[in-house]
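S.K.: Here's a sequence, model it:
(one chain, ligands or ions: 1)
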Amino acid sequence: MSAEASGSVPIDNGKKPMTIITIGMAGAGKSTFVQRLNSHLHALDPPSPPYIVNLDPAVTYTPYEPNIDIRDTVNYQEVMKQFVSYNLGPNGGILTALNLFTTKFDQVLTLIEQRADSVDYVVLDTPGQIEIFTWSASGAIITDAVASSLPTVVAYIIDTPRTTAPATFMSNMLYACSILYKTKLPFILVFNKTDVQPHDFALEWMSDFEEFQAALATHEGARDAEGEPTYMNSLMNSMSLVLDEFYKNLKAVGVSSVTGDGFKEFLEAVEGSREEYEKDYLPELQRARTQREKTLARAQEQAKADSMARVMSDLAIDRERNPAGALADHWDPEEEFADDDEDTEINIIDRSEERGPGEFVDVTRAQRHEREHINWPRPG
Ligand SMILES: Nc1nc2c(ncn2[C@@H]2O[C@H](COP(=O)(O)OP(=O)(O)OP(=O)(O)O)[C@@H](O)[C@H]2O)c(=O)[nH]1
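M.R.: Okay, the predicted model is just below:
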């Protein structure tokens, strides 16, 4: 079977791997989707194993073997214990773990970039508590960092059987819309679990808002006791018009992560997103980055000037008060910055990196500081 016929979208020489960020409500099937995508890519001719990064610190089991796993770097249970005085709940613990991991995300990027010539796809599995990734600073930093170095697409995984009610469908689409506008990245709606519930109804609602409004009108709760349309019904009717515009910018595919149906179409949609990324998103990202760097440079210059002025004024006062002490003044910059690089030894581990023939990196958890209670992995 040729690569094309089998659903493979071969990458030209020099083409960067596509990064797929999977996002979705808890239970939508993200992990099962990543596992099926992984096996689909392995089964292509030629095989195209993806590079997988698990970003869910609280997951107890992943049905695939990630190349990089946040759990190797941050121990979620320990984070919860460590921050007990802050009364962190489970979501606070996941967020803190993600924040800690994000401080080392440059290493993750380096590891991914080292594989850029040999992989076609990089896949990120995100925490089930969707808002932790989509609305946190860490989630934004990770998304921006990945999207600045590799073509990136968001795969928004939807639990199709649980989205057949018009109100639920609309809530899910509004959520997708908010993520699209937040990330500004190419976006694929992935209707999962089509083995249980085909996604035709969703495509129909997305392509014809009158169909959606008709479904709304017949739905329970559409009218009040007097037979008038309820407030919710009117609101959803109006919003369906707004969403009509949003749907035009989206690709939608139906998949079953259990049977593997639809994965060929999914990869085609991913490849279509590459063009979108290069044409629409990359120039915008570069413009935003240049703007950010300029603002940062200006702020740093200003901060430097302010602190220099403060030091000089303090020094002048000090010398005036203590002329003898001023003679002993000296400053050795080498001495001051000698020990500054303390944390460079914390390393993110690529589980699949070969050390010797047939020997893989074994992640052992070593505690760095007694007070820290965070287990940073070390090889060997
Ligand atoms: N029938 C069917 N079940 C599926 C499919 N995909 C996932 N599931 C089931 O849906 C449930 C949730 O799947 P997960 O992959 O754990 O979902 P998740 O989004 O990673 O869940 P969180 O980790 O809580 O965010 C599991 O019982 C899966 O077996 C599918 O395509 N078809």
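
S.K.: and the closest residue to the ligand within the stretch 51-200 of the chain, how many neighbours does it have?
M.R.: Per CB to the nearest ligand atom, residue 128 is where the stretch 51-200 of the chain lies closest to the ligand, at 2.2 Å. In this view, the C-beta of every residue, glycine as well, is placed from N, C-alpha and C. Counted with other CB atoms under 10 Å, residues neighbouring residue 128 total 18.

S.K.: And the residue nearest to it when sequence neighbours are not counted, its phi and psi?
M.R.: Using CB to CB, 6 or more residues apart in numbering and skipping residues adjacent in sequence, the residue nearest residue 128 is residue 26, 3.8 Å away. Per-residue torsions, residue 26: phi -60, psi 130 (degrees, to the nearest 10).

S.K.: what does this protein put close to the ligand?
M.R.: 24, 26-32, 59, 128, 192-193, 195-196, 256-258 (CB under 6 Å from any ligand atom).

S.K.: again, only this time at 8 Å
M.R.: Along the chain, the residues adjacent to the ligand under the rule CB under 8 Å from any ligand atom are 24-36, 56, 59, 63, 125, 127-130, 157, 159, 161, 192-196, 255-259.

S.K.: Would you mind writing the PyMOL command to select the buried ones in those residues?
M.R.: Buried residues among these (16 or more other CB atoms under 10 Å), as a PyMOL selection:
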select buried, resi 24+25+28+29+30+31+32+33+34+35+36+56+59+125+127+128+129+130+157+159+192+193+194+195+255+256+257
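
S.K.: Now, the residues of the chain next to the ligand that are in strands?
M.R.: 24, 125, 157, 159, 192 (DSSP state E).

S.K.: now those residues as a markdown table including pLDDT?
M.R.: Output for those, formatted as a markdown table (pLDDT from 0 to 100):
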| residue | pLDDT |
| --- | --- |
| 24 | 93 |
| 125 | 95 |
| 157 | 97 |
| 159 | 97 |
| 192 | 98 |
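
S.K.: For the residue of the stretch 51-200 of the chain closest to the ligand, give me its contacts.
M.R.: 25-27, 30, 56, 59 (CB atoms under 8 Å, 6 or more residues apart in numbering).

S.K.: go on, residue 129?
M.R.: Taking CB under 8 Å, 6+ apart, one finds 26, 91, 94 in contact with residue 129.

S.K.: Export these to CSV and append columns for pLDDT and distance to residue 306.
M.R.: CSV is the format used below for the contacts of residue 129 (pLDDT from 0 to 100; distance: CB to CB, whole Å):
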residue, pLDDT, distance to residue 306
26, 89, 47
91, 79, 38
94, 86, 38
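
S.K.: hang on, the earlier thing: looking at the ones in strands among the residues of the chain next to the ligand, which two lie furthest apart in space?
M.R.: Distances among these were taken as CB to CB; the most separated pair is 125 and 159, at 16.0 Å.

S.K.: Output the longest helix belonging to the chain.
M.R.: helix 282-321 (DSSP state H).

S.K.: Give me the helices and strands touching it, please.
M.R.: Applying 3 or more CB pairs under 8 Å, 6 or more residues apart in numbering; DSSP states H and E, we find helix 282-321 packed against helix 137-149, helix 323-327.

S.K.: Show me which residues of it are buried.
M.R.: Buried, per 16+ other CB under 10 Å, within helix 282-321: residue 285.

S.K.: Make residue 1 into 35 and carry on from there
M.R.: Fine by me, first position is 35 from now on; the one you just mentioned is helix 316-355.

S.K.: so it versus helix 171-183, what angle?
M.R.: Going by axes from the mean of the first three to the mean of the last three CA atoms, to 10 degrees, helix 316-355 is angled at 120 degrees with respect to helix 171-183.

S.K.: re the thing from before, quick check: the gap between the residue of the stretch 85-234 of the chain closest to the ligand and residue 62.
M.R.: 8 Å (CB to CB, to the nearest Å).

S.K.: Per-residue pLDDT of the residue nearest the centre of the chain, please?
M.R.: Residue closest to the average C-alpha location in the chain (CA atoms, centre = their mean): residue 177, at 4.8 Å. pLDDT, residue 177: 91.
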